[in-house]
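Peer 1: Provide a 3D model corresponding to the input given below.
(one chain, ligands or ions: 2)
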Amino acid sequence: MELLVEKICCIGAGYVGGPTMAIIADKCPNILINVVDINEERIAAWNDSNLDKLPIYEPGLKEVIKRCRNRNLFFSNLVKENISNADMIFISVNTPTKTKGIGAGQASDLKWIEASARQIGKYGKGKTIVVEKSTLPVKTAQIIKSILLSSNKPQELKNEDDKSFYILSNPEFLAEGSAIDDLENPDRVLIGGENNDAISALKKIYLNWVSEDKILTTDLWSSELSKLIANAFLAQRVSSINSISALCESTNANINEVSRAIGMDSRIGKYFLNAGPGFGGSCFKKDILNLIYICNHYGINEVASYWEKVIEINNWQQNRIVKIILDKLFGNIAGKKIAIFGFAFKANTNDTRESPAISICKGLIEEGSILSIYDPKVQIDQIKKDLELYPFKENSSHNDGFWEFSNSTYEAAVNSDAIVILSEWNEFSEINYDLLINKMRKPSWIFDTRNTVNIDKAKKSGFKIWSLGNGNLN
Ligand code: NAD
Ligand code: UDX
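Peer 2: Ligands and ions are numbered 1, 2, ... in the order given. Purely as a prediction, here's the structure:
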């Protein structure tokens, strides 16, 4: 039996729900898509006529929204209404790490998933395809199924044989900053499920722009687990190369050369070998913690400990960078101004979740430094929330650290002793070093955690440079 999909509802208008639905709307003009969210401010921003005010910054997103919004793509807070109309419902809500109760600090908090499932159970019209888009612990589909089947529906839909809801797992692999390209040209699309008609219905949507050989279908549990494992493997590569960056610094080797040399081995591959200040973003840490929790739950403690190390190295890398800055600036940064270039967890996004900049800035402020923070896309209010500190403290004593917001690299550098590059925004590699150093105190340092600096040029202008993983320099 063919299941027709004419109307889609997506619950959750975040970094995943917004761009993913925008691309489906763009590629499938005959499908009507309603993206719903309980957050009114976020929905208002998605509907803002000024496309620079969309709630997330993602290269290429504005153009897609311009084409589809109010054509076949709508954003609203009308959760119940749009659930009740939909043939297919994507659950794209947040699944952060639990902060309290059993599993706190490791397990995923599924309260937003449960709330969504309850609403679908209550308002879904039946024969509805429910798609897990959020990243979830293995066997969450079972929980969703139980909630849907026990919800307050007419008796004739309560029987599992009626298949009033079909559950699919369709994890999202987009990376922020390249989300539009990742969605338009995915390496693969993964669909896990038990019902072939439901799988075919979702596959048919993707076939509008993805070739069939890239669409994998699996059972539900393999699909859910594959998403966690993909993120764990990627994060592990970052921790591996970061651990070697420290060794390079101690041995006169250069991490860029090492990355290039090992990456040319086709078995290793060249991607995800850039050493940096540690991985951030909303996914890696949360998903590894979740993996650790699941392993412990099943009594596979050695496997859990193995993955714990990936997070340990990540924290260590961030602490190590603070210590190096302190050490190079004569062991004292109290009252010294330090310019921070980049606060997002990587370039081309305004997202700061788990950004290494947060712990590094906190560490520097703790030492009494005055930070002047500039990021091309991160706003002052976000930094305030992340650092849990208001900018600029009047009457602060000499040893009290604080921070201020800057509108450009050159503004941030005025009277500073050092520049710390934390995200790899393009504009940081196009800096005029002469102009910059003239605004700074001497000796003027650059601490480059992303290897973006043109070392020869910067040195020629008079900078002292520390560059991550560069043993010839440090
Ligand atoms: P997000 O926090 O940006 O967005 C989630 C949205 O869901 C929020 O706007 C929230 O208000 C809304 N929401 C929560 N409960 C709701 C409810 N009951 N009804 C309506 N709206 C509700 O999160 P995100 O970054 O988009 O991530 C969503 C999921 O996708 C997570 O599971 C995440 O792990 C996964 N994921 C994220 C990325 C990424 O790069 N951010 C990539 C792949 C997968
Ligand atoms: C990640 C996954 O890549 C994506 O598939 C998944 O859907 C969500 O999680 P994201 O967190 O958006 O995406 O960004 P990603 O490009 O993976 O970078 C994560 C972190 O690792 C960033 O802080 C980045 O700077 C860091 N990183 C990445 C490195 O330090 N070095 C690298 O070589 C690659």
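Peer 1: Apart from its chain neighbours, what residue comes closest to the residue of the chain at minimum distance from ligand 2?
Peer 2: Closest approach between the chain and ligand 2, counting by CB to the nearest ligand atom: residue 281, at 2.9 Å. C-beta here means a position set from N, CA and C on the backbone, and glycine is covered the same way. Using CB to CB, 6 or more residues apart in numbering and skipping residues adjacent in sequence, the residue nearest residue 281 is residue 345, 4.8 Å away.
Peer 1: contacting residues for residue 408?
Peer 2: Residue 408 is in contact with residue 374, counting by CB atoms under 8 Å, 6 or more residues apart in numbering.
Peer 1: which parts of the stretch 251-400 of the chain sit against ligand 1?
Peer 2: Proximity of the stretch 251-400 of the chain to ligand 1 (CB under 6 Å from any ligand atom) is limited to residues 282-283.
Peer 1: Show me which helix runs longest in this structure.
Peer 2: helix 220-251 (DSSP state H).
Peer 1: relative to helix 220-251, how tilted is the helix or strand just after that helix?
Peer 2: Of the helices and strands lying after helix 220-251 in sequence (DSSP states H and E), the nearest is helix 255-263. Helix 255-263 runs at 130 degrees relative to helix 220-251, counting by axes from the mean of the first three to the mean of the last three CA atoms, to 10 degrees.
Peer 1: got the CA positions of helix 255-263 in CSV?
Peer 2: Coordinates of each C-alpha in helix 255-263 appear next as CSV, following Å, rounded to 0.1, in the frame of the first residue of the first chain:
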residue,chain,number,x,y,z
ILE,A,255,51.1,18.8,13.4
ASN,A,256,50.1,20.1,9.9
GLU,A,257,52.8,18.0,8.3
VAL,A,258,51.9,15.0,10.4
SER,A,259,48.2,15.4,9.4
ARG,A,260,49.1,15.7,5.8
ALA,A,261,51.4,12.7,5.8
ILE,A,262,49.0,10.4,7.6
GLY,A,263,45.9,11.7,5.8
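Peer 1: Would you pull up how far the helix or strand encompassing residue 307 lies from the middle of the chain?
Peer 2: Using DSSP H and E, residue 307 sits within helix 301-328. Distance of helix 301-328 from the chain centroid (CA atoms, centre = their mean, to the nearest Å) equals 19 Å.
Peer 1: Around ligand 2, which positions in the protein sit nearby?
Peer 2: So far as CB under 6 Å from any ligand atom goes, the chain lies against ligand 2 at 172-176, 231, 234, 238, 272-274, 276, 279-281, 283-284, 345-346.
Peer 1: For PyMOL, write the selection for the buried entries among these.
Peer 2: Command for PyMOL that selects the buried part of those, burial taken from 16 or more other CB atoms under 10 Å:
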select buried, resi 172+173+174+176+231+234+238+272+273+274+276+279+280+281+283+284+345+346
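Peer 1: So what does the nearest residue to residue 150 once chain neighbours are set aside have for phi and psi?
Peer 2: Nearest-residue entry for residue 150: residue 121, 7.4 Å, with adjacent residues in sequence omitted and distances by CB to CB, 6+ apart. Main-chain dihedrals, residue 121, degrees, to the nearest 10: phi -60, psi -40.
Peer 1: sorry, back to before: going by neighbour count, list what's buried in the helix holding residue 307.
Peer 2: So, applying 16+ other CB under 10 Å, buried residues of helix 301-328: 304, 307-308, 310-311, 313-314, 316-318, 320-322, 324-326, 328.
Peer 1: cool, and stretch 75-92?
Peer 2: Those would be 75-76, 79, 82-92, for stretch 75-92 by 16+ other CB under 10 Å.
Peer 1: Looking at the residues you listed, point me to the pair that's furthest apart.
Peer 2: 75 and 87 (19.1 Å; CB to CB).
Peer 1: What segments of the stretch 251-400 of the chain are strands?
Peer 2: 337-341, 370-374 (DSSP state E, counting those that start in this stretch).
Peer 1: try the stretch 1-150 of the chain
Peer 2: Ranges of strands in the stretch 1-150 of the chain, per DSSP E, counting those that start in this stretch, are 7-11, 32-36, 73-76, 88-91, 128-132.
Peer 1: Please see if the fourth one touches ligand 1.
Peer 2: No. Using CB under 6 Å from any ligand atom, no contact is recorded between strand 88-91 and ligand 1, whose separation bottoms out at 8.7 Å.
Peer 1: which helices and strands does that strand pack with?
Peer 2: Other helices and strands packing on strand 88-91, by 3 or more CB pairs under 8 Å, 6 or more residues apart in numbering; DSSP states H and E, are strand 7-11, helix 17-27, helix 111-123, strand 128-132.
Peer 1: other SSEs contacting the second one?
Peer 2: Packed against helix 17-27, as judged by 3+ CB pairs under 8 Å, 6+ apart, are the following elements: strand 7-11, strand 32-36, helix 61-68, strand 73-76, strand 88-91, helix 179-184.
Peer 1: CA atoms only for the longest one - export them in PDB, please.
Peer 2: This file holds the C-alpha atoms of helix 61-68, laid out as PDB (Å, rounded to 0.1, in the frame of the first residue of the first chain):
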ATOM      1  CA  LEU A  61      20.200  29.300   4.200                       C
ATOM      2  CA  LYS A  62      18.800  32.800   3.500                       C
ATOM      3  CA  GLU A  63      18.500  32.100  -0.200                       C
ATOM      4  CA  VAL A  64      16.500  28.800   0.400                       C
ATOM      5  CA  ILE A  65      14.200  30.500   2.900                       C
ATOM      6  CA  LYS A  66      13.600  33.300   0.500                       C
ATOM      7  CA  ARG A  67      12.500  30.800  -2.200                       C
ATOM      8  CA  CYS A  68      10.200  28.600  -0.100                       C
END
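Peer 1: which residues are in contact with it?
Peer 2: 18-19, 22-23, 25-26, 46, 51-52, 54, 73, 179-180.
Peer 1: and which of those residues is nearest residue 265?
Peer 2: Out of those, the member with the shortest distance to residue 265 (by CB to CB) is residue 179, at 29.4 Å.
Peer 1: For the nearest residue to residue 353 once chain neighbours are set aside, give me phi and psi.
Peer 2: Spatially, and ignoring its direct neighbours in sequence, residue 353 is nearest to residue 282 (4.1 Å; CB to CB, 6+ apart). Residue 282 adopts backbone torsions of phi -80, psi -10, taken as degrees, to the nearest 10.
Peer 1: from what I can see residue 282 touches residue 349, true?
Peer 2: No. Counting by CB atoms under 8 Å, residue 282 sits too far from residue 349 to count as a contact (10.5 Å).
Peer 1: neighbour-wise, which of the two wins?
Peer 2: Ranked by neighbour count (other CB atoms under 10 Å), residue 282 and residue 349 place residue 349 first, with 26 against 20.
Peer 1: Which residues are in contact with the spatially closest residue to that one that is not a sequence neighbour?
Peer 2: Sequence neighbours aside, residue 176 is the residue nearest to residue 349 in space, at 4.2 Å (criterion: CB to CB, 6+ apart). By CB under 8 Å, 6+ apart, residue 176 lies in contact with 15, 58, 281, 345-346, 348-349, 351.
Peer 1: wait, what's in contact with residue 401?
Peer 2: 334, 364-371.
Peer 1: tally of neighbours for residue 105?
Peer 2: 11.
Peer 1: Could you do residue 101 as well?
Peer 2: Neighbours of residue 101 using other CB under 10 Å come to 8.
Peer 1: Equivalent analysis for residue 201, please.
Peer 2: 22.
Peer 1: Beta-bridge partners for residue 10, please?
Peer 2: residue 35, residue 90 (DSSP bridges).
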